[in-house]
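Enquirer: Show me how the following folds:
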Amino acid sequence: MGGVDYGAYAATAPGMPAQAPPPAGAPVGPYDPVPGGGYAGAEAGQTYGGGYNYQQQPGYYPEAPKQRNPVMLWGGIIGGVLAIAIVIGLVVLLQPSPKPNPNPGPVADSGGTSSSTSIGGTSGTTGGTTPDTSNATLKVAWNADKDPNADSSSQLLGVWGSTSGSDSFAVRADTTGIRAYNLADGKQAWNIPVPSGSKELCTASRSRNAKNIIAVSFNTGDYDCSTIGAVDIAQGKLLWSVKSTPDKLSSPALSVTDKVVAVGSLGALNIDNGQSVWQFKGRGKDCSVYGAAAGSVIVASDRCYDSGLQKSVLQVVNAETGNPVSQAIPLNGQIERIDAVISAQPLVALISGGTNGDYILPFDDSYKPGNPMSTKEAGSDSLRLSGQSDAISNNVVIGKTLYVQITGSKSGINAYDLGTGKRLWSVGSSSISNDMRLVPGTTKDGKVRAIVGQGYDKPAKLVALSPNDGSMSDIATMSMPSGMDIGMSQAQYFIPDDNSQVVAYRRSSSYASPMTKWSK
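Expert: As a prediction, the model looks like this:
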């Protein structure tokens, strides 16, 4: 994955106009709302440019808006070819209730050593570190009862762990609702169905905040997912739901902080009541906005047709205030825009439609962009990367290293240096029947982990990969129920701190248990 010669890429490139300050009293932010109503820009975290988001996404494929300009039409359509897999297991770390992050700056969905894939974590919590306890065996403890309301079209949107008193819950959201299962026995503890007036859930935030609040969006018809809600997953309550904008949001990428619900291309809502805190203000009168929310930042790009303005810019803003935390970065491709945020801390963005193709853009701690890195390697397919808005992730960012799960005739994992864009190493299984799946977090000595399949009806192996060369060391084995093989599905695995329990969330539970717990 080589570097991209991006020409006038620097944020201080000549000809990049300074942003005019907003009028007094207006929310501060870099872009105006989309003019003329209708689609407010497809949320970047749900697009399918360049073969990203390989797994099937929670399904909103908006109809083309009628009588829109080409930018609005392009921004309102989410399309692409979806790879459909037989789904077997998604295993998730259930973390204890977290403490608030003391860092006063922008807080990410996930921090520590597993910043891009700590699904179910709170803002600023780690993905967990585990000791290398080899020869441990995890066996099936329970299978949750099949959900009678699930159907073949239901898709997983988000997974979290929560506690209420002495009870711990495994919580899952899919297009049919949100449900919690008691971690001790797998019995359903509570259920939040799709509210009256809505057809289904559209999207969910990857993280919860320190008060166990998540955000979701609802499809109220005609693929309009602009109704946003906040859910207390410790108590199983929908706290509020509001129509966030008169415009149509097709598939909003959401995140939460202790103060706001960040909504991709829109802005932010008050976490307590859903009232608007700020909305994007613009560089001109004729601009469209695309955004991906991750933690307490939003990465947004616009497309403007006002004379004298740079056509498109990219900027990182604080989700709680709307204030820019990065310089405006000029985008020069004809359709160049933010596609997804693949890691919130450190911030790593996926940009589509660049002059030299799609690329990965890392940022440092002060949100200064690093070198753009092509997603395409000579002789290889483009990397299939997942964003923070995806329930399933094919990539992990740890420090300055990007680990990417590779699929195809042979499964494997590649490691890339975020500074240079060069591949550090690649490890793979001998055949597709011995699949490999990345695991978020690291061992106590900083090694990324993976699950390696051993074939149909055979136990899988949990291994640690050396950050230096990818060499593998065994941590444990995991007994697979009859008929299960990780090579048959897009799966993601999370291991608790003590390696004592694992919970599998299935993407679709129309034909099988929605969850399975393994323990020692």
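Enquirer: Can you tell me the closest non-neighbouring residue to N212?
Expert: The shortest distance from N212 to any non-neighbouring residue, by Cβ to Cβ, 6 or more residues apart in numbering, is to A234 (4.0 Å). C-betas here are computed from N, CA, C, even on glycine.
Enquirer: again, but for N434
Expert: In space, and not counting its chain neighbours, N434 is closest to G453: 5.2 Å by Cβ to Cβ, 6+ apart.
Enquirer: I'd guessed the one you found sits against D435; true?
Expert: Yes: judged on Cβ atoms under 8 Å, G453 makes contact with D435 at a distance of 4.3 Å.
Enquirer: Can you show me the helices along this protein?
Expert: 70-76 (DSSP state H).
Enquirer: what residue ranges in it score low on pLDDT?
Expert: Within the chain, the segments meeting pLDDT under 70 span 1-135, 429-433, 482-493, 495-499, 509-512.
Enquirer: ok, back up a step: next one: phi and psi at the residue nearest to N434?
Expert: Dihedral angles of G453 (phi, psi; degrees, to the nearest 10) stand at phi -70, psi 150.
Enquirer: The stretch 101-250 of the chain: strands as residue ranges?
Expert: Along the stretch 101-250 of the chain, the segments classed as strands by DSSP state E, counting those that start in this stretch run 129-130, 136-143, 156-164, 167-174, 177-182, 188-193, 200-204, 213-219, 227-232, 237-243.
Enquirer: repeat for the stretch 351-500 of the chain
Expert: Taking DSSP E, counting those that start in this stretch as the criterion, the stretch 351-500 of the chain carries its strands at 359-362, 373-374, 395-398, 401-406, 412-417, 423-428, 436-443, 448-452, 460-465, 472-478.
Enquirer: Most tightly packed of these?
Expert: For the strands of the stretch 351-500 of the chain, average neighbour numbers computed from mean count of other Cβ atoms under 10 Å are highest in strand 395-398, which has a mean of 27.
Enquirer: mind listing what it pairs with, with the direction of each?
Expert: Within its sheet, strand 395-398 is paired with strand 401-406 (antiparallel), according to DSSP bridges.
Enquirer: Kindly calculate the angle that the partner strand makes with strand 423-428.
Expert: 30 degrees (axes from the mean of the first three to the mean of the last three Cα atoms, to 10 degrees).
Enquirer: Can I get strand 401-406 as PDB, trimmed to CA atoms?
Expert: What follows is strand 401-406, C-alpha atoms only, in PDB (Å, rounded to 0.1, in the frame of the first residue of the first chain):
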ATOM      1  CA  THR A 401      -0.300   0.200  12.900                       C
ATOM      2  CA  LEU A 402      -3.300  -0.700  10.800                       C
ATOM      3  CA  TYR A 403      -4.300  -4.400  10.900                       C
ATOM      4  CA  VAL A 404      -6.600  -5.500   8.000                       C
ATOM      5  CA  GLN A 405      -8.500  -8.700   7.700                       C
ATOM      6  CA  ILE A 406      -8.000 -10.100   4.200                       C
END
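Enquirer: List of residues touching that strand?
Expert: If you take Cβ atoms under 8 Å, 6 or more residues apart in numbering as the criterion, strand 401-406 is touched by 342-343, 348, 360, 383-385, 394-397, 411-418, 424, 426, 428, 436-438, 448, 467.
Enquirer: Out of the strands of the stretch 101-250 of the chain, which gets nearest to E377?
Expert: For E377, the closest of the strands of the stretch 101-250 of the chain is strand 156-164, at 29.8 Å, according to Cβ to Cβ.
Enquirer: tell me the angle that closest one makes with strand 177-182.
Expert: Going by the same axes, to 10 degrees, strand 156-164 makes 40 degrees with strand 177-182.
Enquirer: same for strand 156-164, what does it pack against?
Expert: Applying 3 or more Cβ pairs under 8 Å, 6 or more residues apart in numbering; DSSP states H and E, one finds that strand 156-164 makes contact with strand 167-174, strand 200-204, strand 213-219.
Enquirer: Please produce JSON lines containing those strands, extended by mean neighbour count.
Expert: As requested, the helices and strands packed on strand 156-164 are exported to JSON lines (neighbours: other Cβ atoms under 10 Å):
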{"stretch": "strand 167-174", "mean neighbour count": "24"}
{"stretch": "strand 200-204", "mean neighbour count": "27"}
{"stretch": "strand 213-219", "mean neighbour count": "26"}
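Enquirer: on that earlier part again, ok, now how distant is the residue nearest to N434 from T477?
Expert: 11 Å (Cβ to Cβ, to the nearest Å).
Enquirer: list residues touching both of these two?
Expert: Common neighbours of G453 and T477, using Cβ under 8 Å, 6+ apart, are A460.
Enquirer: got the CA coordinates for stretch 451-469 in CSV?
Expert: This file holds the C-alpha atoms of stretch 451-469, laid out as CSV (Å, rounded to 0.1, in the frame of the first residue of the first chain):
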residue,chain,number,x,y,z
ILE,A,451,-9.2,-16.4,15.8
VAL,A,452,-8.0,-19.1,13.4
GLY,A,453,-10.4,-21.7,12.2
GLN,A,454,-9.4,-25.3,12.0
GLY,A,455,-12.1,-26.5,9.7
TYR,A,456,-15.7,-27.6,9.9
ASP,A,457,-16.9,-29.0,13.3
LYS,A,458,-13.4,-28.4,14.8
PRO,A,459,-12.4,-26.1,17.6
ALA,A,460,-11.0,-22.7,16.7
LYS,A,461,-7.7,-21.3,18.0
LEU,A,462,-7.2,-18.0,19.7
VAL,A,463,-3.7,-16.7,18.8
ALA,A,464,-1.6,-13.7,19.5
LEU,A,465,0.3,-12.1,16.6
SER,A,466,3.6,-10.4,17.1
PRO,A,467,3.5,-6.7,16.0
ASN,A,468,7.1,-7.2,14.6
ASP,A,469,6.5,-10.0,12.1
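Enquirer: just to revisit the earlier point, minimum distance to S154: which of the strands of the stretch 351-500 of the chain has it?
Expert: Closest among these, using Cβ to Cβ: strand 436-443, at 22.1 Å.
Enquirer: So in that sheet, which strands flank the closest one, and in what orientation?
Expert: Strand 436-443 has these strand partners (DSSP bridges): strand 129-130 (parallel), strand 448-452 (antiparallel).
Enquirer: could you give the angle of it to strand 412-417?
Expert: Going by the same axes, to 10 degrees, strand 436-443 makes 50 degrees with strand 412-417.
Enquirer: Please save the CA atoms from strand 436-443 in PDB.
Expert: Output of strand 436-443 as PDB, limited to C-alpha atoms (Å, rounded to 0.1, in the frame of the first residue of the first chain):
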ATOM      1  CA  MET A 436      -8.700 -15.900  10.200                       C
ATOM      2  CA  ARG A 437     -10.600 -13.200  12.100                       C
ATOM      3  CA  LEU A 438      -9.200 -10.200  13.800                       C
ATOM      4  CA  VAL A 439      -9.900  -9.600  17.500                       C
ATOM      5  CA  PRO A 440     -10.000  -6.100  19.000                       C
ATOM      6  CA  GLY A 441      -7.600  -5.200  21.900                       C
ATOM      7  CA  THR A 442      -4.200  -6.600  22.600                       C
ATOM      8  CA  THR A 443      -2.500  -9.000  24.900                       C
END
